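In: My questions concern the predicted model and sequence given below.
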Amino acid sequence: MLTVEEAFRKFKSRLELNQREQDNASARQNEVRDFLVTKFSIDRSFLTGSYKRHTKTKPLKDIDIFFQLAEAERHYRDEAPDKVIDAFHDALVEKYGASAVRKQTRSVNVDFGVVVDAEDNTDYRVVSVDVVPAFADGDDYEIPDRGLGKWIRTNPETHAAKATAAHQAYSSEWKGLVRMVKYWNNHAGQGDKPIKPSFLIEVMALDCLYGGWGGRFDYEIQSLFETLADRIHDTWPDPAGLGPPISGGMDNTQRDRARRLLKDAAAQATRAIDQARRGQNGEALKAWRQLFGPKFPLS
Ligand SMILES: Nc1ncnc2c1ncn2[C@@H]1O[C@H](COP(=O)(O)OP(=O)(O)OP(=O)(O)O)[C@@H](O)[C@H]1O
Ligand SMILES: [Mg+2]
């Protein structure tokens, strides 16, 4: 029978990007770019966000693609963030149809109509992408934020460098743990994610995983849930020091709820650890699967 550690290893690898998924992401990027260049003057586009850093969980949804606008489009930068989002939205509707295209706070989401099965598999296809209009600003970028009604600064390279450093300092287990907690976040809370945005999980993990990898997934995850619960009410600034706080996406009621659900998760992890210690391996595996969702294996 599968041990709990083996199950965690398998779970971790199921949340890793494989070549077929990367090929599909790249094909979608090219498809969206080939269309958008007929509508806007675009200097370049690139896959970014958690996808690029390997901290995105499965199924692959909302992969970020930055579209760096050329100087000819600079007038958008002088207008309210709504304007460029509206323009991208209207353009993408022409290609993908109104029901597949949705305005978000900082991007336009394009859904490819991929079916996610009961095991969270998509036949290696990307479900949706977030199309982000961006202007280069030195080494940084400016992107529209309709919620704040202004353009915000960001730097994907700084976020990537911090994630890489944390991963290396944690025996190359940090990104796997982040993907697992993000996977939990997608399944806990009955369709209303406990932690929003899920980027906050990664930002908190930069601080909340410290002291080095202890050698066991079950202990690491249990204590991570505990620490996330204890620090969910803190203010979490942009790790690059450019954009608005990452913790600004929730109010105190939502933070109270996130804390409660994180505490529940920590308690459930403790129970699963106890079951394994008592030799009830099958029960322990079921408890972990119930905690995380269908990609946690029972065999
Ligand atoms: N408040 C912010 N200030 C500056 N940059 C931000 C901020 N929020 C997000 N970003 C950058 O934009 C990227 C995309 O944001 P998003 O909310 O999609 O997070 P993500 O890391 O891609 O996580 P997810 O797995 O949920 O997609 C982030 O990875 C980060 O680099
Ligand atoms: Mg994203």
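Out: Here it is on my side, so go on. Ligands and ions are numbered 1, 2, ... in the order given.
In: so how many other residues sit close to Arg277?
Out: 10 (other Cβ atoms under 10 Å). (Each C-beta comes from the backbone N, C-alpha and C, glycine too.)
In: could you point out which element follows the longest strand seen in the chain?
Out: For the chain, the strand with the greatest residue count under DSSP state E is strand 128-137. Later in the chain than strand 128-137, the nearest helix or strand by DSSP states H and E is strand 140-145.
In: For that next one, buried residues please.
Out: Buried residues in strand 140-145, counted by 16 or more other Cβ atoms under 10 Å: 140-145.
In: circling back to that earlier point, got the angle between the longest strand of the chain and strand 140-145?
Out: Going by axes from the mean of the first three to the mean of the last three Cα atoms, to 10 degrees, strand 128-137 is angled at 130 degrees with respect to strand 140-145.
In: Does anything pack onto strand 128-137? Which helices or strands?
Out: Secondary-structure packing of strand 128-137 (3 or more Cβ pairs under 8 Å, 6 or more residues apart in numbering; DSSP states H and E): helix 19-36, strand 63-69, helix 81-96, strand 108-111, strand 140-145.
In: Could you save those as JSON lines and add columns showing distance to ligand 2?
Out: Formatted as JSON lines, the helices and strands packed on strand 128-137 follow (distance: least, Cβ to the ion, whole Å):
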{"stretch": "helix 19-36", "distance to ligand 2": "12"}
{"stretch": "strand 63-69", "distance to ligand 2": "4"}
{"stretch": "helix 81-96", "distance to ligand 2": "16"}
{"stretch": "strand 108-111", "distance to ligand 2": "10"}
{"stretch": "strand 140-145", "distance to ligand 2": "12"}
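In: closest to ligand 1 out of these?
Out: strand 63-69 (4.7 Å; Cβ to the nearest ligand atom).
In: Show me the contact partners of that closest one.
Out: By Cβ atoms under 8 Å, 6 or more residues apart in numbering, the residues outside strand 63-69 that reach it are 25, 28-29, 32-33, 36, 40-52, 56, 76, 84, 88, 107, 126, 128-136, 141, 143, 156.
In: Among the residues you listed, which ones lie close to ligand 1?
Out: Counting by Cβ under 6 Å from any ligand atom, 49-50, 56, 156 from the contacts of strand 63-69 sit close to ligand 1.
In: Write out the residues of the stretch 1-150 of the chain neighbouring ligand 1.
Out: Near ligand 1, the residues belonging to the stretch 1-150 of the chain are 49-50, 56, 62, 64 when assessed by Cβ under 6 Å from any ligand atom.
In: Buried ones among those residues?
Out: Burial by neighbour count, 16+ other Cβ under 10 Å: within these this picks out 49-50, 56, 62, 64.
In: in which helix or strand would I find the closest residue to ligand 1 within the stretch 151-299 of the chain?
Out: Nearest residue of the stretch 151-299 of the chain to ligand 1, counting by Cβ to the nearest ligand atom: Gly243, 1.9 Å away. In this assignment (DSSP H and E), Gly243 forms part of neither any helix nor any strand.
In: Regarding the nearest residue to it once chain neighbours are set aside, what is its secondary structure?
Out: Distance criterion Cβ to Cβ, 6 or more residues apart in numbering; nearest residue to Gly243, sequence neighbours excluded, is Ile152 at 4.7 Å. Classification of Ile152 by DSSP: H, G, I helix; E, B strand; the rest coil places it in strand.
In: didn't Ile152 look like it was pressed against Ile143?
Out: Yes - counting by Cβ atoms under 8 Å, Ile152 does reach Ile143; the two are 6.0 Å apart.
In: anything in contact with each of those two?
Out: Arg106.
In: neighbouring contacts of stretch 137-155?
Out: Contacts for stretch 137-155 (Cβ under 8 Å, 6+ apart): 66, 68, 77, 80-82, 84-85, 103, 105-106, 132-135, 156-157, 238, 240, 242-244.
In: Can you check the distance spanned by that stretch, start to finish?
Out: Using Cα to Cα, to the nearest Å, the end-to-end distance of stretch 137-155 comes to 10 Å.
In: Check stretch 287-298 too.
Out: One end of stretch 287-298 to the other measures 10 Å (Cα to Cα).
In: before we move on, back to that, nearest to ligand 2, of the ones next to ligand 1 among the contacts of strand 63-69?
Out: Gly49 (3.7 Å; Cβ to the ion).
In: quick one, what contacts that closest one?
Out: Per Cβ under 8 Å, 6+ apart, neighbours of Gly49: 56, 63-64, 130, 156, 199.
In: Can you tell me how far it is from Ser198?
Out: Note on Gly49: its distance to Ser198, by Cβ to Cβ, to the nearest Å, is 11 Å.
In: Understood, closing this out.
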